[in-house]
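Participant: I'll drop the sequence and a predicted model, then ask my questions.
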Amino acid sequence: MRVLFVSAEVAPFAKVGGLADVAASLPKALRALGHDVRVVMPAYRMVEHDPHWEVETEVGGVHVAMNPGWSKRAYLRCGVHDDVPIYLLGTDEWFNKAVNSETVYRPGCDQYLFFASALLECFAAKGWIPDVVHTNDWHTGFVPVLMRELHGAQWGEAASVHTIHNLAYQGEFGFEVLDKVGLPHHLFNLHRLEAHNQVNFLKSGCVYADQTNTVSPRYAREIQTPEYGCGLDGLMRHLHAEGRLSGILNGIDLNTFDPVTDPKLPAHYSVDDRAGKAECRRAVLSEVGLKPLRGAPLASIISRLSEQKGFDLLDEILPELVALPMQIVVLAVGDPYSASHLRAAEARFGDRVRFVERFDPDLAQRLYAGSDLFLMPSAFEPCGLGQLIALRYGTVPVVRETGGLADTVHEGENGFVFGPRDPAAFLDACRRAHNAYGTPGWDTMVVHGMRQDVGWDASAKKYEQVYEVARARCADRAVS
């Protein structure tokens with residue numbers, strides 16, 4: 001199949017969250033299965049100006065009509081990364097203001113409306129129409145809409161699949177969105193583009209896509225409930241009833257995340273010879289300025305600071321954790337309130353807590369390798385990649401039983417799990433982990449986790465099946 005994978009972020013060029021890792025690794029896995037998969041992302045300034053990244057212009061000077069009175073010039077440039085063609089779609093504003101990953105996402109929707117319109121125009125001008133267009137999250141939600149409503153003549157035979165990486169972010173804007181891309185006003189209704197009296201980009205993508213997918217089986221069930229559905233649980237139940245909703249677990253790139261070869265580590269190790277992990281532990285403790293503490297496992301959190309990630313639970317139990325004893329390193333940026341509490345905790349527990357407030361992928365790798373425990377007390381977690389990387393590096397996860405965490409971490413087998421979202425349950429799971437640390441059972445869990453299949457092979461084949469279902473549904477729709 002010819003597949004166009006559409007994402008607002010793609011690692012290593014622009015990475016804000018797990019979507020970037022998926023956009024880098026899933027297309028590679030699908031190409032290994034024999035498919036012609038190409039990726040398109042916005043032409044961010046820092047990507048185009050990267051001297052290590054060679055791109056060539058393939059389409060230029062395409063005028064994209066945003067509405068009858070306004071058009072923007074678009075261009076399409078292409079390079080290759082890990083044998084995957086990566087297309088950069090640009091114009092003279094919006095994307096060229098992004099100088100690093102922290103400035104990728106900007107307020108408003110005009111840039112994403114342009115991106116949706118321009119990619120359809122540019123790939124048509126290039127003469128490459130895929131069998132499947134695979135869009136991701138709200139930023140690309142209008143691609144399936146425009147494929148069917150405005151570009152059916154050229155894109156009518158292309159199926160669409162839309163993946164929800166986090167239902168909490170939906171992209172909600174005013175009625176004027178329809179005029180910005182020349183859509184008829186009658187589409188502003190409950191069955192199409194409207195939700196809660198706004199144009200909802202994520203809903204629109206799900207409604208118009210031939211198949212909707214999310215990133216774990218458990219999360220696909222959760223979003224059909226009011227607790228996790230973020231106001232769209234009714235739509236999710238409807239899609240499920242129509243056979244249009246699936247949940248496929250994310251994987252990680254096993255070449256990038258490999259303790260045997262990872263160039264960012266001070267020592268290498270494998271599941272059969274784990275001696276190098278102790279050196280990684282010593283090195284990362286020294287790097288963050290902590291001295292080893294007898295009987296204290298090193299726990300890490302690598303995340304963005306937000307209530308979703310469970311930092312409110314961590315704040316409640318931190319004094320009890322360090323008293324176990326346990327040393328904790330948090331590598332994160334985000335919510336100022338959580339950051340202030342972590343800074344205060346570091347000041348109070350200087351020999352046991354470190355808060356590294358920056359985006360640092362290299363340090364993240366060293367923490368995955370050098371830690372004994374990896375904490376993910378998330379309120380909800382569509383899939384989670386952190387626990388998968390931790391397992392790969394022989395670091396035992398402590399997670400809340402939700403979303404992809406529940407699908408991948410199992411109590412006493414490869415980690416520790418708690419259910420209720422309350423500090424006491426989280427503390428109890430951490431105590432169980434602390435009690436197991438250093439016992440023969442601990443080694444069994446580490447080995448079990450390192451041998452676990454956390455790659456893309458099985459999931460990529462499931463995506464093949466979703467693409468085939470989407471193509472069949474698209475063909476049926478064309479006939480009807």
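Facilitator: Thanks, I have it.
Participant: residue contacts, Phe359?
Facilitator: If you count contacts by CB atoms under 8 Å, 6 or more residues apart in numbering, Phe359 has them with Ser101, Glu102, Val333. Glycine gets a C-beta too; all of them are placed from N, C-alpha and C.
Participant: can you tell me which residues contact the second one?
Facilitator: Right, Glu102. By CB under 8 Å, 6+ apart, the contact set of Glu102 is Val16, Phe359.
Participant: again, 7 Å this time
Facilitator: Going by CB atoms under 7 Å, 6 or more residues apart in numbering, Glu102 touches Phe359.
Participant: and the pLDDT for Asp131?
Facilitator: pLDDT, Asp131: 98.
Participant: actually Glu54, not the one I wrote
Facilitator: At Glu54, the model reports a pLDDT of 86.
Participant: hang on, it is in a strand, isn't it?
Facilitator: No: counting by DSSP: H, G, I helix; E, B strand; the rest coil, Glu54 falls outside a strand, being coil.
Participant: before we move on, the earlier item: got the contacts of Phe359 as TSV, with pLDDT columns?
Facilitator: TSV is the format used below for the contacts of Phe359 (pLDDT from 0 to 100):
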residue	pLDDT
Ser101	87
Glu102	85
Val333	93
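Participant: closest one of those to Glu346?
Facilitator: Nearest to Glu346 out of those is Val333 (CB to CB; 15.1 Å).
Participant: so that closest one sits in a strand?
Facilitator: Yes: counting by three-state DSSP, Val333 is found in a strand.
Participant: was I right about it contacting Val356?
Facilitator: No: contact criterion CB atoms under 7 Å: Val333 and Val356 do not qualify, at 9.3 Å.
Participant: tell me which of the two has more neighbours.
Facilitator: Between Val333 and Val356, counted using other CB atoms under 10 Å, Val356 has the larger neighbour count: 21 against 14.
Participant: residue contacts, that one?
Facilitator: By CB under 7 Å, 6+ apart, the contact set of Val356 is Val288, Val329, Val330, Leu331, Leu363.
Participant: and the second one, what's its pLDDT?
Facilitator: Just to be clear, that refers to Val329. The per-residue pLDDT reported for Val329 equals 98.
Participant: would you say it is within a helix?
Facilitator: No: the assignment for Val329 (three-state DSSP) gives strand, which keeps it out of a helix.
Participant: which among the contacts of Phe359 gets closest to Val398?
Facilitator: Nearest to Val398 among the contacts of Phe359, with distances taken as CB to CB, is Val333, at 22.0 Å.
Participant: below-threshold pLDDT in the stretch 151-300 of the chain: ranges please.
Facilitator: Applying pLDDT under 70 to the stretch 151-300 of the chain flags no residue at all.
Participant: ranges for the strands of it?
Facilitator: 159-164, 172-173, 194-195, 198-200, 211-214, 245-247, 298-305 (DSSP state E, counting those that start in this stretch).
Participant: likewise for the stretch 351-480 of the chain?
Facilitator: 353-356, 373-376, 396-400, 416-418.
Participant: got a quick ChimeraX command for the buried subset of the contacts of Val356?
Facilitator: To isolate the buried ones among these in ChimeraX, judged by 16 or more other CB atoms under 10 Å, type:
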select :288,329,330,331,363
